[in-house]
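# my questions are about this predicted structure, shown below with the sequence.
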Amino acid sequence: MKKTTIYLEVAAYARLKQIARAKRRTPASLVREAVVEYTERHGSRTKARSVGAFKSSRRDLGTAAESLLEGFGEDR
């Protein structure tokens, strides 16, 4: 687990403490749960996992892509 610091509005923190008390949990555990739910819901909008997943011995792919792909998809 990593430690982080967040700043909350006074009213939001008071409500968080109230909910935590009612559920017999700590405010920190509710924040962790909320972060997990948020990242699961919104995490799929990031880059595809395959981006950068493969290694190549070529170091010029970024600059030579057009010439390397020349004729790709054409009938021979």
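Good, I have the coordinates. Numbers count the residues shown, from 1 in each chain.
# moving C-terminal of the top helix by length along the chain, what's the next helix or strand?
The helix that spans the most residues within the chain, counting by DSSP state H, is helix 27-42. Per DSSP states H and E, helix 27-42 leads on to helix 61-68 as the next helix or strand towards the C-terminus.
# returning to what we had before: residues in contact with the longest helix of the chain?
With contacts defined as C-beta atoms under 8 Å, 6 or more residues apart in numbering, helix 27-42 is touched by Ile6, Tyr13, Leu16, Lys17, Ile19, Ala20, Lys23. Where C-beta positions appear, they are placed from N, C-alpha and C, glycine not excepted.
# C-alpha coordinates for that helix, PDB please?
This file holds the C-alpha atoms of helix 27-42, laid out as PDB (Å, rounded to 0.1, in the frame of the first residue of the first chain):
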ATOM      1  CA  PRO A  27     -12.600   7.500   6.600                       C
ATOM      2  CA  ALA A  28      -9.400   6.200   4.900                       C
ATOM      3  CA  SER A  29     -10.900   2.900   4.100                       C
ATOM      4  CA  LEU A  30     -13.900   4.600   2.400                       C
ATOM      5  CA  VAL A  31     -11.500   6.800   0.400                       C
ATOM      6  CA  ARG A  32      -9.500   3.700  -0.700                       C
ATOM      7  CA  GLU A  33     -12.700   1.900  -1.700                       C
ATOM      8  CA  ALA A  34     -13.900   5.000  -3.700                       C
ATOM      9  CA  VAL A  35     -10.600   5.300  -5.500                       C
ATOM     10  CA  VAL A  36     -10.700   1.600  -6.500                       C
ATOM     11  CA  GLU A  37     -14.300   2.000  -7.800                       C
ATOM     12  CA  TYR A  38     -13.400   5.100  -9.700                       C
ATOM     13  CA  THR A  39     -10.300   3.700 -11.300                       C
ATOM     14  CA  GLU A  40     -12.100   0.500 -12.300                       C
ATOM     15  CA  ARG A  41     -15.000   2.500 -13.900                       C
ATOM     16  CA  HIS A  42     -12.700   5.000 -15.700                       C
END
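# report the contact partners of Tyr13.
Shown in contact with Tyr13 (C-beta under 8 Å, 6+ apart): Pro27.
# what bits of this structure have low per-residue confidence?
Applying pLDDT under 70 to the chain flags residues 44-54, 76.
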